[in-house]
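S.K.: take this sequence and fold it.
(chains A and B)
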Amino acid sequence: MVAHPDLQTQFDLRVAEDQRIEPKDWMPEPYRRTLVRQISQHAHSEIVGMLPEGNWITRAPSLRRKAVLLAKVQDEAGHGLYLYSAAETLGTSREQMIDDLHSGKAKYSSIFNYPTLSWADMGAIGWLVDGAAIMNQVPLCRTSYGPYARAMVRICKEESFHQRQGYEIMMTLAKGSEAQRAMAQDALNRWWWPVLMMFGPKDDESPNTALSMQWKIKRFTNDELRQKFVDATVPQAEYLNLSIPDPDLKWNEARGHYDFGPINWDEFWEVVKGNGPCNRQRLEARRKAHEEGEWVREAAIAYAIKRKMKSEK
Amino acid sequence: MFEANHYPEEVNVALSDFLLRMADTSLVLGHRLSEWCGHGPILEQDIAMSNLALDLIGQARNWYQLAATQLGQGQSEDDLAYLRDAGQYRNLLLVELPNGDFGQTVLRQFFFDAYHFHYLQALTESGDENVANIAVKSLKEATYHLKWSSEWVIRLGDGTEESHRRMENALRELWEFTGELTTPNASDQLLTIMGLTPDLNLIRPLWEQEVQVVLAESTLEIPNRSWMQKGGKNGVHTEHLGFLLAEMQFLQRAYPNCEW
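M.R.: Prediction:
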């Protein structure tokens, strides 16, 4: 179906002028589909992302750390809620999106398919994973779809708080005993490359980038953001006195950026396909929670109906 | 944070015992609730349970800090939480029981909240101003907790056939652990005489009233068994607490004397 030329022109004009598209506005179907895919994927990442960190809530080493970690994982649930709501404005229900996650149709960020093996992973995730997420997400506060942009403003504020908390965990470990320093270095070794993969495939292999840039859903390419992240993170690692596990990493005076070694894209695609170390466990945990919660959701609905009938009598 | 109040040795021992019980009980229940994080039946209720857990962990920290002050041996809140073994824990047995299904978690919470709310309310009148201050702060949170858990007990009790059956199971599992909530031990008796804590015998009817009203509305029947388990207040626990502490204390035990 060809869109009405006036509507299409109006839409293109509004995007070109950096005006927000709102739920009731006309929009091309592929724009809607791309948004639903991206926002729901983002929501799922928040919800699945609760699992690797949730692992350590019961083992957090102090009462303060326990409370901070629990509050952080709870924030992620909150982000999931805003994002599901933003996606619902495009006409897809939360239930449908959750079904798509559980059937494997919808994706979530591959980073959450890596295991959290020590307490230092709570630091590394906050510092690196949330750091990378911020790089990706800050430009999304200006994305063309209004509800998504507004959700991202709230989310980014909380994410930068999480990043500081993560870095603070790393700092405490880096200044701690030898075993703690080793724990911190080991976490950096394991998370560094998967975090670089979080920015997605190289620009020439990213099928969705060009259109998303044209629609101003995306503002920077994957490679641009990845470079920004490396440039910002290297000095932070130096400050911690930890070494980044990349022998090719060095400052390139001519480019004004850090050069870094090749990313293992085979690993990336395998994890995307479902073969990461925790893909199956993560989805299984989500399905289990959903299935075991079914009787609760049914009871809540049944009770609400009974109440309504009583009050109408 | 707190100024220690000076009491005769015997009273201070009882007071410390009471403070540790309050702290341990809040921490253990907060810990149990935090196990739900990421696994709740509904995203909104996942968030709600984390809220309860965060409130309780916050309250535990206040009670531990006051306990450390009254003990006067230079311990930190983390020393008290992470370096005591099960036999030294003073929490009520009810809160260390495993979560079970959501219905069991909700009912455990309700039994606890119905006691906690009325007890805190009375503790705001404590002759020890530190205790009274913590109670005032905690009471606001406990008021919300009681509302949340009462509503869910009613919703599930009077929901579907399955939810009703599950709540009956939960009631069978939990009932025998409720007696301890309002049964005073020797420390309680001394502190009540000193005007520092309310008489638990006066809290019991308030708890019973709360439970009768909510269970009636839930279409659930109060079990007619009267035998009650006890021991938590004196450090004799169920088999569950050891595992909970093994998990919670792992890092502090494996890497002693570290900053985290």
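S.K.: state the pLDDT value of residue B:65.
M.R.: pLDDT, residue B:65: 98.
S.K.: run a quick neighbour tally on it.
M.R.: 21 (other C-beta atoms under 10 Å in any protein chain shown). For every residue, glycine as well, the C-beta is placed using N, CA and C.
S.K.: what helix or strand is it on?
M.R.: Using DSSP states H and E, residue B:65 sits in helix B:43-71.
S.K.: and that helix, what does it pack against?
M.R.: Contacts defined by 3 or more C-beta pairs under 8 Å, 6 or more residues apart in numbering or on different chains; DSSP states H and E place helix B:43-71 against helix A:63-88, helix B:9-34, helix B:77-82, helix B:102-123, helix B:129-157.
S.K.: count the neighbours of residue A:16 for me.
M.R.: 11.
S.K.: to clarify, my last question referred to residue B:9.
M.R.: By other C-beta under 10 Å, neighbour count at residue B:9 equals 7.
S.K.: give me the phi and psi for the residue in the stretch 101-250 of chain B positioned nearest to chain A.
M.R.: Among all residues of the stretch 101-250 of chain B, residue B:159 sits closest to chain A, at 2.8 Å; criterion: C-beta to the nearest C-beta. The phi and psi torsions at residue B:159 (degrees, to the nearest 10) take the values phi -90, psi -100.
S.K.: contacting residues around the nearest residue to it once chain neighbours are set aside?
M.R.: Using C-beta to C-beta, 6 or more residues apart in numbering or on different chains and skipping residues adjacent in sequence, the residue nearest residue B:159 is residue A:299, 2.8 Å away. Going by C-beta atoms under 8 Å, 6 or more residues apart in numbering or on different chains, residue A:299 touches B:155-156, B:159-160, B:162-163.
S.K.: same thing but at 6 Å, please
M.R.: Residue A:299 makes contact with B:156, B:159-160, B:163, according to C-beta atoms under 6 Å, 6 or more residues apart in numbering or on different chains.
S.K.: repeat that for residue A:84.
M.R.: A:43, A:94.
S.K.: at 7 Å what do you get?
M.R.: Contacts were defined as C-beta atoms under 7 Å, 6 or more residues apart in numbering or on different chains; by that measure residue A:84 touches A:43, A:94, A:97.
S.K.: could you pull out the helices for the stretch 1-150 of chain A?
M.R.: All helices of the stretch 1-150 of chain A, identified by DSSP state H, counting those that start in this stretch, fall at A:5-16, A:29-48, A:50-54, A:63-88, A:94-103, A:120-124, A:130-137, A:146-174.
S.K.: and the angle from the fifth one to helix A:29-48?
M.R.: Between the direction of helix A:94-103 and that of helix A:29-48, the angle (axes from the mean of the first three to the mean of the last three C-alpha atoms, to 10 degrees) works out to 70 degrees.
S.K.: now the fourth one
M.R.: Note on geometry: by the same axes, to 10 degrees, helix A:63-88 and helix A:29-48 are set 160 degrees apart in direction.
S.K.: give the buried residues for helix A:63-88.
M.R.: Of the residues in helix A:63-88, A:63, A:65-84, A:86-88 count as buried by neighbour count, 16 or more other C-beta atoms under 10 Å in any protein chain shown.
S.K.: any chance of the contacts of residue A:84 in a markdown table, plus distance to chain B, neighbour count and pLDDT?
M.R.: Below are the contacts of residue A:84 laid out as a markdown table (distance: C-beta to the nearest C-beta, whole Å; neighbours: other C-beta atoms under 10 Å in any protein chain shown; pLDDT from 0 to 100):
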| residue | distance to chain B | neighbour count | pLDDT |
| --- | --- | --- | --- |
| A:43 | 10 | 28 | 97 |
| A:94 | 8 | 16 | 95 |
| A:97 | 12 | 22 | 97 |
